[in-house]
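1. Fold the following, please.
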Amino acid sequence: MAPEILQTTPMRAATSNTKPRFTLPPGSCDAHFHVFEPGYPHVPEPLYTFPDGNLEQYLELTDFLGIERMVLVQPTFYGTDNRLTLDTLGKVGSRCRAVVRIEEDTPDSELDRYHELGVRAIRLDLFARRDSSTEEIIAYVRRMAARATPRGWHIQFYTPGTVVRALLPFLADLEDRFVIDHMGYMLESDGLTRADFDRLLGVLRNGNCWIKLSGPYRIAKNKPLASVEPLGRALVETRPDRLLWGSDWPHLPNGQRDTGELLNLLADWAPDAGDRQKILVTAPEELFFAG
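-> Prediction:
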């Protein structure tokens, strides 16, 4: 039985967002956004309807908020067809980098072409593999890391928190660089505990791990965004140099979210300007823009 398709909502105007209540440092980066444009084929059974969230709308938002650089992440809507992502890189230029999804048999020559266009990571959709054994997932991660690491890329995990928990012993010793989306996605409703989150902090502290401060509403669910503050603060206190901020724009399926409000969470989670510099500039520079 096909999953229920979520109905996306219209995008709010850029100028209706809250202005940042702190000064963004030069070179600030949104390390996680998506775009959707007509004319590009989507997967046969997408999880949501075609979103209102094109490149023009996004760039208006970044101009309004003062974001200078950005990282486009291939959404599940387009599967492993990266044509829109690559076309977008061509339009935005050197201030944009990208994360793609690929088939395992994608030729090296194609990945080399991706690199020249600005791709710097491979996204692993482990929601699609959540019913696989931990051993099978680890084998898959190793195969994909072998495609990414020689190019100076990293692997990016889009994964439920239950899979993150199962992978923690493996990730603690993984020599390849990796990024975990959406603060680890450790939901209480999935049975995850603060002890599980603390184990993730240990991997962040000592491993080759980066974590995205993105999608806090995915963690909060029906609670206020302030409910996520203890997790955000704990991440910042552990390794601010290994964190990236991402808007998760256009906030599927609810395009009416206030991106400025999400950015302002950093003022509470990382009250020190030096830590915000690491999160908004230094970490994305290292992973996406260096070299």
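2. could you pull out the helices for the protein?
-> Secondary structure of the chain by DSSP state H: the helices cover 55-65, 83-92, 108-117, 134-148, 161-172, 194-206, 216-220, 229-238, 259-269, 273-277, 283-284.
3. Contacts for the fifth one next, please.
-> By Cβ atoms under 8 Å, 6 or more residues apart in numbering, the residues outside helix 161-172 that reach it are 126, 129-130, 134, 137-138, 141, 157, 159, 178, 180, 184-187, 190-192, 196, 199-200, 202-203, 206-207, 209. The way it works is simple: take the backbone N, C-alpha and C, and place the C-beta from them, glycine included.
4. Which members of those residues are classed as buried?
-> Buried members of the contacts of helix 161-172, scored by 16 or more other Cβ atoms under 10 Å, are 126, 137-138, 141, 157, 159, 178, 180, 184-186, 192, 196, 199-200, 203, 207, 209.
5. ranking the helices of the chain by burial, who's on top?
-> Using mean count of other Cβ atoms under 10 Å, the stretch among those with the largest mean neighbour count is helix 283-284, at a mean of 26.
6. picking that back up, I'd like the helices of the chain laid out as CSV, including distance to residue 253 and mean pLDDT.
-> Below are those laid out as CSV (distance: least, Cβ to Cβ, whole Å; pLDDT from 0 to 100):
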stretch, distance to residue 253, mean pLDDT
helix 55-65, 16, 98
helix 83-92, 19, 98
helix 108-117, 28, 98
helix 134-148, 27, 98
helix 161-172, 20, 97
helix 194-206, 26, 97
helix 216-220, 11, 95
helix 229-238, 23, 98
helix 259-269, 15, 97
helix 273-277, 29, 98
helix 283-284, 26, 98
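7. So for residue 32, which of these sits nearest?
-> Ranking those by proximity to residue 32 (Cβ to Cβ) places helix 283-284 first, at 10.0 Å.
8. And for the closest one, what's in contact with it?
-> 29, 31, 69, 71, 210, 241-244.
9. now that helix: how far from the chain's centre is it?
-> Mean C-alpha position of helix 283-284 versus that of the full chain (Cα atoms, centre = their mean, to the nearest Å) differs by 12 Å.
10. what's the answer for stretch 157-170, then?
-> 15 Å.
11. and if you look at stretch 239-248?
-> 9 Å.
12. For it, buried residues please.
-> Of the residues in stretch 239-248, those buried (16+ other Cβ under 10 Å) are 239-240, 242-248.
13. what's the first-to-last distance across it?
-> End-to-end distance of stretch 239-248 (Cα to Cα, to the nearest Å): 21 Å.
14. got the contact list for residue 84?
-> Contacts of residue 84 (Cβ under 8 Å, 6+ apart): 35-37, 40, 78.
15. isn't residue 63 right up against residue 14?
-> Yes - the pair residue 63 and residue 14 passes the contact test of Cβ atoms under 8 Å, sitting 7.4 Å apart.
16. between the contacts of helix 283-284, which is nearest residue 274?
-> Distances from residue 274 to the contacts of helix 283-284, taken by Cβ to Cβ, are shortest for residue 241, at 10.1 Å.
17. Please report how far residue 227 lies from residue 167.
-> 25 Å (Cβ to Cβ, to the nearest Å).
18. swap that for residue 88, sorry
-> Note on residue 88: its distance to residue 167, by Cβ to Cβ, is 30 Å.
19. No further questions, thank you.
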